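Asks: give me a 3D structure for the following:
(2 chains)
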Number of protein chains: 2
Amino acid sequence: MKLNPIVAVGCSHAAGRASPCQPQNGTIDYNAAPPNLSTLANSSLFDTWRPRAHVLPPFGQIGDPCMHYTDPETGLFHVGWLHNGAAGATTDDLVTYHDLNPNGSPFIVPGGNNDPIAVFDGSVIPSGIDGKPTLLYTSVSFLPIQWTINYTRGSETQSLAVSRDGGRNFTKLPQGPVISDPPFALNVTGFRDPYVFQNARLDSLLGSENETWYVVISGGVHGEGPSQFLYRQHDPEFQYWEYLGEWWHEPANSTWGNGDWAGRWGFNFEVANVFSLDERGYNPEGEIFTTLGAEWSLEPIVPQVSDFRDMLWASGNVTLDDDGKPQFTPNMAGRLDWGASAYAAAGKVLPSSSQASTKSRAPDRFISYLWLTGDFYGTAKDFPTAQQNWTGSLLLPRELSVGRIRNVVDNHLARETGSWRTVANASGLVELATLKQEIAREPLAALKSSSSQQNKRITEPGRTLSAPGVVAFAQSPASKFYVLEANLTFPRSARDSSGFKAGFQILASPSEHGEATTIYYQFANESVVIDRSKSSAAAKTTGGIDARSESGRLRLFDVVEEDGGEEKVETLRLTVVVDNAVVEVHANERFALSTWVRSWYADSTEIRFFLEGEGEVTFGDVQVYEELYDAWPDRR
Amino acid sequence: MKLNPIVAVGCSHAAGRASPCQPQNGTIDYNAAPPNLSTLANSSLFDTWRPRAHVLPPFGQIGDPCMHYTDPETGLFHVGWLHNGAAGATTDDLVTYHDLNPNGSPFIVPGGNNDPIAVFDGSVIPSGIDGKPTLLYTSVSFLPIQWTINYTRGSETQSLAVSRDGGRNFTKLPQGPVISDPPFALNVTGFRDPYVFQNARLDSLLGSENETWYVVISGGVHGEGPSQFLYRQHDPEFQYWEYLGEWWHEPANSTWGNGDWAGRWGFNFEVANVFSLDERGYNPEGEIFTTLGAEWSLEPIVPQVSDFRDMLWASGNVTLDDDGKPQFTPNMAGRLDWGASAYAAAGKVLPSSSQASTKSRAPDRFISYLWLTGDFYGTAKDFPTAQQNWTGSLLLPRELSVGRIRNVVDNHLARETGSWRTVANASGLVELATLKQEIAREPLAALKSSSSQQNKRITEPGRTLSAPGVVAFAQSPASKFYVLEANLTFPRSARDSSGFKAGFQILASPSEHGEATTIYYQFANESVVIDRSKSSAAAKTTGGIDARSESGRLRLFDVVEEDGGEEKVETLRLTVVVDNAVVEVHANERFALSTWVRSWYADSTEIRFFLEGEGEVTFGDVQVYEELYDAWPDRR
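Replies: Presented below is the predicted three-dimensional model:
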């Protein structure tokens, strides 16, 4: 998903000028009902909902994350994102970040021969041309581009740029694109977001030289469906990329299984990453995974409107077809995040030799950042963008690896075609594999254990609720910056209670203001829900503040704790990150649901236990880690 | 050969403004020795050397001819040429022309997404997209481009434009190129000048639908040599062109035979045309011919300098190779014009249904226009360009067909690998085939028989010369605008006289001014020579006025006039067109040598018989057709 550039109000990227982007919110009373926020002064809402521990530019709009890499010369990890071209920051710990350029200005901008209109997502070969970081990106010559309309030929080409100054600038090669056209005579729906990767399995299967680079380009074919187009490096200068075919294609708008667990494949793929994992993390010989965005709409399809964007993952087997072309066949698939605003994940290998991993003694990892669109992909046009003066954020970096769910009862719950697959089977129990995803270890540890004096850890006594109602925490956080952790255990009877919902209310106001956001699990459709209907008083006065519920599907399997033990429902292990208006709900190392919760009132900091319907839930290990770290120590 | 645009001095293409391009030569005395012409006023030399019957823009520089077509809606033939993009004119008789746009302004200009730098040669499908004239042209994104330097990838792509207003404007498709890259991973020396054609033989050989369009793109591969890249139409919208391989490739800098008759294949092909001919003219099932430019240099090769550009033709056989790819194998080859400034021929089928052919009752023909560079491909930098205010011209249109030379004695002269081949052999005589090329019938007739009152026909009595010397014509033309025709017959002993030269002097001054240009044939190296060493007094005062001799090789075979007749030397049949400074020497319907002869003095109009060395020549049928027609009745 690419957005048209929106210039931040009153701010400039011009170096050397005093930034006029200071927040101006001194006159706003967060104890009174909000006005229509669009009537406020520019930049006056800058801090109101701004997250502290997340990655986003100093001001203005953030688009897709992309172009990450570890600089082999410094060991620094570079995180990139679309922003008037693309901008980025470096990190030595995945916790704090340092803008590559003053004011977060871009390291590449559109306007060249190949990209007169825009720079779209790309990816970086860390030791590329002349051993320097080399960016392969989508250079855009024509807009609009969308799967719902005719494709303008040549609108998306793939071009190279090289950085010789530590990533502060990527200089475009003075030549045309290196992939100048989609595959011959294909009427594509999209052809963008080239993702470079190495893969020992592909090398072996295809007889490539070791450590050959591959590129997967995302898109699809009109009337046929979404595809990943695979290419192989042809020469040491990365000039030519041999087309290996649509290594993955799905029928238009088809689903994985019945669609419950992995959305729709849709009509067009975007932002595909390809990488390989084992249970520790990245392993070039591991199981092949892909993350991808899938675009689709309900009938009737409206030109230039993509109703849905599903952020998916899949793992699969790779074989050669009769023509010797590699074919990727999924063996499980799921959602990387269920949030309707969470999309465009961009990941990268983070080697154990990186500064971050050296310090944390982590093995080779695959780290992915998702985008959380701040204006629902540009459609929330009434949002007080000028007043906030920034739009969107990335989500916290996640470590991806192969997950195992052990001692699962071999019943219909385990046997469904879902975001897992059976890898072992014995004595009526199965072991399932899935994609394990957790907040990366360094930021997770830092969120929970800041060096800041202000950081407070609150242990809320556990409790069992068996009647509907809410119970306020004995001690709620004082701010809107915290991590909430808890384990929720349910009796087996909970599966049969259709109206049963259990969880928390957060960002809740104890006063008459009445703001509250309810995060709960319900067995009826096996969903984690974030009910935002009462989240924000501002939603009543101001456009573009989404009050729709978010939800995602999480199956709690029947498990036994040990051989011959009793069958029970898997514990729901929640980690909720509240970073002002950015809320990430992570569960059981395999589920994420992220969204915006734009509470207005200063007193909306209460946390409550929540139960609705008939059933029982036991909350255990309830912890609140307050304050969160500032990811941007250099700013302001 | 493409030139950087040079804006004409003091002239503008802006429509509606009075043209400031009037000649200002009233003050120049052509009876006195010339000053350094670069010191004269801008545009003061406008008329001095300007041709009258040739195709050239109203002012400014002309580049390669290209983009010709017959509009099916009007039957008018459109002649195009590079000129700040490309401009053109229409003709209903190949004699007079009408600018498509006021001031000869372009029908396409560079500056779009695909061609930010330049528009290079293209060709037109007369009934293309929506049945409209559709141009496939080389869209240029980077310069410099030359076979002597590294090729900048993407510098030349092939794009489409369509005219919906009778050819006055060709509107570029709002999309990227349709051929966006050279064949995969080829390090080309050039990749330009797409030439669209239909060919029944190729249809049959390749199993294509009838009347499929093909494209040949000219270029070559670094380290390997020149090539023609062949493509086939894939879809009715002309979006996709299937690559059929290098249907013709020659080793770098190799030659046809020993190189005497067809120059060098060089390192890079340009401006290739492909068409098929029989003895009457164009025939889609006829013998396949190509015209092409070949670029080469003497060692050591200097970057950005191509010493030579040979304007060649070849005919050949087309077969399928083991991979089912078509292969063109020459069976004879020659020079389309031997003049060092004559290059970049661009031809097109002229159907019998065209207005011109309807009037002249001509069959389907293939008509080709060559370019006569006015500043030796931009290298004559001292030429008084601003004073002349125009640069270069096209040559007169030529009809190409399969020629036959009958009753040729079957000796070593006939058997050499040359610009002919044996097609029949009996009784010690052979019949040879070659490329027949003549000035197109309508302009040739018009040149010799103008409706103008001023047109005068002078019949000069024939004579035999057997001693060295010059003999002025009894009546020379009064102007520098005429056609001279003559037949020169030689005894067989002439072949053995090493110093023997016979021909004419033209543009000769009878006064002490001493200007004269000698056109002669010499058997020593079987050459027609134009000696320009005394052609122009201005060459002594002004740079860029070339005084080098031009020469071309023409074999006069031993022939017998009838079965059992006496062996004699084939008669040299000369047609010399003197159109002010443009001189075209045509011989025996198979030879052309064209150049600039920039005589200065007003009295340099004398014609003389010429003989040098030992030998004898008989001049017969000597005719001078004076005045020539004005090809541009609308101008001024």
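
Asks: name the helices or strands packed onto the helix or strand bottoming out on mean pLDDT in chain A?
Replies: Across the helices and strands of chain A, the lowest-confidence element by mean pLDDT, DSSP states H and E is strand A:456-460, at a mean of 89. Using 3 or more C-beta pairs under 8 Å, 6 or more residues apart in numbering or on different chains; DSSP states H and E as the contact criterion, the neighbours of strand A:456-460 among helices and strands are strand A:617-626. (Each C-beta comes from the backbone N, C-alpha and C, glycine too.)

Asks: give the contact list for residue A:211.
Replies: Residue A:211 is in contact with A:198, A:203, counting by C-beta atoms under 8 Å, 6 or more residues apart in numbering or on different chains.

Asks: the same query, at a cut-off of 6 Å, please.
Replies: Under the criterion of C-beta atoms under 6 Å, 6 or more residues apart in numbering or on different chains, the contact list for residue A:211 reads residue A:198.

Asks: per-residue pLDDT of it, please?
Replies: Among the per-residue scores, residue A:211 holds a pLDDT of 96.

Asks: check which helix or strand covers it.
Replies: Secondary-structure element containing residue A:211, defined by DSSP states H and E: none, the residue being outside all helices and strands.

Asks: ok, the one 4 residues further on next?
Replies: Taking DSSP H and E as the criterion, the element that holds residue A:215 is strand A:213-221.

Asks: wondering if that strand reaches chain B at all.
Replies: No: interface with chain B: strand A:213-221 contributes nothing (C-beta under 6 Å from any C-beta of the partner chain), its closest point being 13.9 Å away.

Asks: related to what we said a few turns ago, so what strands line up beside the least confident helix or strand of chain A?
Replies: strand A:617-626 (antiparallel) (DSSP bridges).

Asks: residues contacting the strand it pairs with, please?
Replies: A:448, A:456-460, A:462-465, A:477, A:482-490, A:502.

Asks: for ChimeraX, what selects the buried ones among the residues you listed?
Replies: Below is the selection syntax for ChimeraX that covers the buried ones among the contacts of strand A:617-626, with 16 or more other C-beta atoms under 10 Å in any protein chain shown defining burial:
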select /A:448,456,458,460,465,477,482,483,484,485,486,488,489,490,502
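
Asks: burial count for residue A:239?
Replies: Residue A:239 is flanked by 16 other residues according to other C-beta atoms under 10 Å in any protein chain shown.

Asks: how about the one 4 residues further on?
Replies: Per other C-beta under 10 Å, the neighbour tally for residue A:243 reads 17.

Asks: name the SS class of it, please.
Replies: Using DSSP: H, G, I helix; E, B strand; the rest coil, the structure places residue A:243 in strand.

Asks: who's in contact with it?
Replies: Taking C-beta under 6 Å, 6+ apart, we find residue A:243 in contact with A:183, A:231.

Asks: recalculate using a threshold of 8 Å.
Replies: A:183, A:229, A:230, A:231 are the contacts of residue A:243 under C-beta under 8 Å, 6+ apart.

Asks: next step: the contacts of strand A:617-626 restricted to helices.
Replies: Among those, the subset assigned to helices under DSSP state H consists of residue A:448.

Asks: pretty sure residue A:456 contacts residue A:627?
Replies: Yes: using C-beta atoms under 8 Å, residue A:456 and residue A:627 qualify as a contacting pair, with a distance of 6.5 Å.

Asks: need the overlap of contacts for the two.
Replies: Residues touching both residue A:456 and residue A:627 by C-beta under 8 Å, 6+ apart: none at all.

Asks: pull the residues that contact the least confident helix or strand of chain A.
Replies: Counting by C-beta under 8 Å, 6+ apart, residues outside strand A:456-460 touching it are A:448, A:473, A:474, A:475, A:477, A:607, A:622, A:623, A:624, A:625, A:626, A:627.

Asks: what's the farthest-apart pair in the residues you listed?
Replies: Based on C-beta to C-beta, the longest span within those runs between A:448 and A:474 and measures 19.6 Å.

Asks: please state the offset of the least confident helix or strand of chain A from the chain centre?
Replies: 28 Å (C-alpha atoms, centre = their mean, to the nearest Å).

Asks: now stretch A:461-472
Replies: What separates the centre of stretch A:461-472 from the centre of its chain is 32 Å, taken as C-alpha atoms, centre = their mean.

Asks: perfect, I'm done here.
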